[in-house]
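Would you be able to build a 3D model of this:
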Amino acid sequence: MRRRFTKPEWARSLAGLVATAFLVTFVPTAVPAVTVKGRVTETAKSRKRANSAVVVWLIPASGDPLPDPTLDPSHGRFRLIQKNKQFSPHLLVVPVGATVEFPNLDPFFHNVFSLFDGKRFDLGLYEAGSTRWVKFDRPGVSYIFCNIHPDMGAVVLAMATPYYGVSNSAGEISIQDVPPGRYKVEIWQESALPEELRKLSREIAVSPEASFLGTFQISSSGRGMLAHKNKYGRDYDESTSPNPLYDYPQ
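Below is the predicted model:
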């Protein structure tokens, strides 16, 4: 027997169909994340220095909480190797909460320490073939040295945002998987003056149609870090020549 709809049933059925069609048609689709790009141009003087890499990162202008960068498994393993009385790489950018390994690949002792802004630690003496670990649990810049060899120096930047990139040899910067929105752009370079970096900070709107950060002109004096003392606050042995990377230019 064919079922007959009363008027109220018919009206309710039609209303349900219309509502379902509306939801199917008008459910908003997620806006895809964007790969944000930028460029850095530097003076010839700063390009010659070993510490000329530029780090750029984004912070939501709205103040909304950021995703936890330590949850991203793609970050992988972080190592700052000691070999031939040098740290490699010279610059290492990690998410806050990351653990960095400091293996000693030289045939002699090292004593890695950092007593400056950022993470403070002293790994003590450790021999060839051994390693130590440090967890960088706060954002900031950590200047890394060896208490035995004053020529050794490196920098670890711990980031509280997952949206960051480091310039390549061509001055290109790429930051992947950035959700559309407004962001404050921050920039850091080891040899740049703080006031110059503050002037380069800006606010941008990121969308699939607007994904270029712009060009950052680094025109600093090219200075490096001040000459540092050992972990006891005393001068190194005078028989060891300092590395000009950590001196102001004359």
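
wait, isn't residue 149 in contact with residue 109?
No - using Cβ atoms under 8 Å, residue 149 is not in contact with residue 109, being 9.7 Å away. Using the backbone N, CA and C atoms, a C-beta is placed for each residue, glycine as well.

neighbour count winner among those two?
Under the neighbour definition other Cβ atoms under 10 Å, residue 149 and residue 109 were set side by side, and residue 149 has more, 19 against 16.

Just the element for the more buried one, please.
Per DSSP states H and E: residue 149 is located in neither a helix nor a strand.

now the spatially closest residue to it that is not a sequence neighbour: how far from residue 109?
The shortest distance from residue 149 to any non-neighbouring residue, by Cβ to Cβ, 6 or more residues apart in numbering, is to residue 85 (5.1 Å). Using Cβ to Cβ, to the nearest Å, residue 85 is found at 11 Å from residue 109.

what separates the closest residue to residue 87 other than its chain neighbours from residue 89, distance-wise?
With sequence-adjacent residues excluded and distances taken as Cβ to Cβ, 6+ apart, residue 87 is closest to residue 154, at 3.6 Å. Residue 154 sits 7 Å away from residue 89, taking Cβ to Cβ as the criterion.

cool, residue 95 as well?
16 Å.

Looking at the two, which one has more neighbours?
A side-by-side neighbour count of residue 95 and residue 89, using other Cβ under 10 Å, places residue 95 first with 20 against 14.

Kindly state the beta-bridge partners for that one.
residue 159 (DSSP bridges).

can I assume it is in contact with residue 158?
Yes - here residue 95 reaches residue 158: they are 7.2 Å apart, a contact under Cβ under 8 Å.

Can you pull the residues that touch both of residue 154 and residue 89?
residue 80 (Cβ atoms under 8 Å, 6 or more residues apart in numbering).

Would you map out the domains in this structure?
31-66+161-219, 69-160 (automatic domain parsing).

So for residue 231, which of those domains sits nearest?
domain 69-160 (4.5 Å; Cβ to Cβ).

now the closest one, how far from the centre of its chain.
15 Å (Cα atoms, centre = their mean, to the nearest Å).

any idea of the mean pLDDT in it?
Taken as a whole, domain 69-160 has a mean pLDDT of 91.

ok, for residue 35, nearest residue in space, not its chain neighbours?
Residue 35's closest residue in space is residue 176 (Cβ to Cβ, 6+ apart), at 5.0 Å.

Now do that neighbour against residue 202, distance only.
20 Å.

cool, residue 106 as well?
On the measure of Cβ to Cβ, residue 106 and residue 202 end up 43 Å apart.

what does residue 141 give?
From residue 141 to residue 202 the distance is 20 Å (Cβ to Cβ).

my read is residue 199 is in a helix, agree?
Yes - counting by DSSP: H, G, I helix; E, B strand; the rest coil, residue 199 is found in a helix.

Output the contacting helices and strands for the one helix or strand the residue nearest to residue 87 maps to.
Per DSSP H and E, residue 154 falls inside strand 153-159. Applying 3 or more Cβ pairs under 8 Å, 6 or more residues apart in numbering; DSSP states H and E, one finds that strand 153-159 contacts strand 91-95, strand 140-146.

Helices of this protein, start to end?
7-26, 44-47, 194-200 (DSSP state H).

Now do the same contact list for the closest residue to residue 92 other than its chain neighbours.
Nearest residue to residue 92 in three dimensions, chain neighbours excluded: residue 156, at 5.0 Å (Cβ to Cβ, 6+ apart). Counting by Cβ under 8 Å, 6+ apart, residue 156 touches 80, 92, 93, 94, 100, 114, 118, 119, 136, 141, 142, 144.
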